[in-house]
Each structure stands twice: as structure tokens, then as C-alpha cells.
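Engineer: Here you go, sequence then predicted model.
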Amino acid sequence: MIYQKEILDGIKIIRVWTYIAKNKGFFRRSIDQFSYAFNSLIAGIFLDFDIIIATSPSFFTTWSAFFLSKIKKKPWVFELRDIWPKSINSLKVMKKGFLLNLLENIELILYKDCDLIIPVTSSFKTYLIKKGIDESKIHVVTNGVNHDFFKAGKADQKLVKQLNLTDKVIIGYFGTVGMAHSIDFVVKTISKLSSKNISLLIVGSGAMRDEIEHLIKSQGFKNIVMLPSMKKDKLLKYMSIIDFAIVPLIKSEAFKEVLPSKIFEAAALEKPIILGVEGEAKEMILKYNAGICYIPEDENSLTTVIDKLVENNKLIVDYKSGCNKLSSDFNRKKLSQHMYSILLKFYTEN
């Protein structure tokens, strides 16, 4: 089927056919993302609407919005969730050269052409201004958390027993196991802490999953449990049993500008955060006192902060209080209303 229609919460949704590829391999992933951009462009030509909103990643989605805005003579909004050419360079997926320079030039054209840019971090806004983008059309709306779904509760003790994690200090990672997430480093470091009764629970899938799974099995790491991704309602049971949530990324200048959504989910569940990200994310954790930070991909630093957490119950109580404040300030309902007000003001004035 080329497209599907459905009504969800009173909203008409049209889904277009997309070539689906695993998050592995640059060429197939690019075809995946480009197929959606192309088909959304074709579908959009035959639809009626007042405004176009395109979110990145994927980078190609914004191309669809660019061409649709010209064909339909409608304004378009660039929701900026990732500085895509910069990110792929930091992951060493693509070397600096003609193709990367071309993508960066296209990126700049899109920033200048769109009517509004809504970045998810203040660092992205700073980046855009340095690129010469008009500050008046940039409005930051960060990631947030759905409080109707993510709620703190008691640990599922049956699950703890089932996973052989009774009496263990459990550090949890939930999400994409990708090239950017430094999970191999986390696994190797925490595997050395088994004598301290510390275990790592990983739930997720991604480009690096098979490699990480092989590492765990081949090295016989007894204090690492790795499970595939699962539906969110089931995932909450697993999140309930962890003591701390780890949020790691590889050490890169590009990631100093990001705010991982895992921060907000962990905060809503009152799970103190072990953060391996520098820049704006670190500033947020320290501001709210919602966890503790380590130097990305530094084994001594991560080991030290875990020891500090395990040995100090007062810290944990304070961090849980900080998590509460953070998640309250980044309630997704409040943020969605803020974004709606930005769009409405823009539309009524134009």
C-alpha cells in the first residue's frame, strides 16, 4: 500500500510508504530516509494545509518541506533536532570533503529559506546565529517528558528475581544502541565492577546491538543483562527496577549541543542520572542537581562517580528531588502549548 490514513485523537494522519532499513550502513539508511522525503513530497502535493512542519533528523525530510513550500506557496517550519551533517562527521560515517561540504551548504540554504526554526536546545540556537541566521525567526522548544506515561513507582520485584538481579545495584540504559551512544565503553567499564555488586541492564536495539551482544557473550560478563527493545508500556516495568539511569554519548564537540530525551524520562521516574555528555546537558544536570556527571569515555571518571553514588545515600535522595524539579519544568504538555503558541502567532501575523 502506497499510503495509509487513520484518525488518532481526532487528528487525521496520513502515512506514506517508506523503504525501511536497519540503523546500520550509510547507504541503506540514506535510501530509507530519502524514500520517505520523496513520497511525503508527492503526497503533500495533493493535500490541503496551512503550514508545513519538518523535523530533523532525517535531514531529507526538510528537503520535502522546502519543495512543498514552493509548490504549494505555504510557509514551512524547520524543527531542528540534530545538526545532521555535523553529527555524521563526528561519528566518522563521512569524511570531510566535497559531499559533506555540499550537505552543509544545503543545510544553510534550508535554514535561510524556512520561515521559522524551532531548535530543541539553546546551543543549536547559538550555532544558527553564528551561521548568520536571523535570530528573530529562531524559537527554542526543548524535549520534554509525558507525565501521563512516565510516573515514579515501586520496583517490580518479580522482574528483579527473574533477571537474577536481587540485591544488586542496577544501572539502566534504555534506548538506541547506536554508534553515538558509547555503550561498548559503558559495558567494558561496568563489567569490571561486578565485585562491587553492580549490574548493568540494557534494553534497546540499534546499529551496535549485535556487536555489544557478542562482546558480552564472548567475554562472559556476568553482571550485564541485555534485552531487545520493547513496547513502552512493558518497558516501564524494566525501568522501575533500576537504581540509576546512565545517559552516555561518545566524546565529541558536536554532542555538547544536545539534550538527550533519556534525561527527561529518567527524571520523571525519579532515577538519578549518570551523565556522560558534556555541554548543555551537563549544565542542566548540575543546575537541577538531578544526577552526577562523568567525562565521556573516561573509565576512571565513570568508576569514580558510580562509587560515589553507591556509597552516599544522601546524594541519592537529593538527586531524586532534583529529578522531580527537572521533570516538572520540562513537562511535554507545557512545551507543546509553547510550540503551539509560537506557530499560532506566526500564522496569524502572516
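Structural biologist: Structure's in. What do you need?
Engineer: In this protein, where's the longest helix?
Structural biologist: When every helix of the chain is counted residue by residue (DSSP state H), the longest turns out to be helix 26-45.
Engineer: helices or strands up against that one?
Structural biologist: The contact analysis (3 or more C-beta pairs under 8 Å, 6 or more residues apart in numbering; DSSP states H and E) places helix 26-45 against strand 11-16, helix 59-72. From N, CA and C alone the C-beta is placed, and that goes for glycine too.
Engineer: Now do the same for the longest one: mean pLDDT, whole number.
Structural biologist: Averaged across helix 59-72, pLDDT comes to 94.
Engineer: Dump the helices and strands packed on helix 26-45 into TSV; add mean neighbour count and distance to Lys320 as well.
Structural biologist: As requested, those are arranged in TSV below (neighbours: other C-beta atoms under 10 Å; distance: least, C-beta to C-beta, whole Å):
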stretch	mean neighbour count	distance to Lys320
strand 11-16	12	36
helix 59-72	20	38
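Engineer: closest to Leu47 out of these?
Structural biologist: Leu47 lies closest to strand 11-16 among the helices and strands packed on helix 26-45, at 7.3 Å (C-beta to C-beta).
Engineer: Ramachandran coordinates for the residue nearest to Ala152 when sequence neighbours are not counted?
Structural biologist: With C-beta to C-beta, 6 or more residues apart in numbering as the measure, Glu270 is the residue that lies nearest to Ala152, at 4.1 Å, once sequence neighbours are left out. Listed backbone geometry of Glu270 is phi 60, psi 40, with angles given as degrees, to the nearest 10.
Engineer: Tell me if I'm right that Glu270 and Leu326 touch.
Structural biologist: No - counting by C-beta atoms under 8 Å, Leu326 is not a contact partner of Glu270; they are 10.3 Å apart.
Engineer: Include distance to Phe27 when you put the helices and strands packed on helix 26-45 into a markdown table, please.
Structural biologist: As requested, the helices and strands packed on helix 26-45 are exported to a markdown table (distance: least, C-beta to C-beta, whole Å):
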| stretch | distance to Phe27 |
| --- | --- |
| strand 11-16 | 21 |
| helix 59-72 | 14 |
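Engineer: Show the low-confidence segments of this structure, by residue range.
Structural biologist: Flagging of the chain using pLDDT under 70 yields the residue ranges 1, 23-26, 85-95.
Engineer: which stretches of it form helices?
Structural biologist: Secondary structure of the chain (DSSP H): helices located at 26-45, 59-72, 84-90, 98-113, 122-130, 157-162, 183-191, 209-219, 232-240, 261-268, 280-288, 299-311, 313-329, 332-349.
Engineer: out of these, which comes closest to Ser199?
Structural biologist: Nearest to Ser199 among the helices of the chain is helix 183-191 (7.7 Å), distances taken as C-beta to C-beta.
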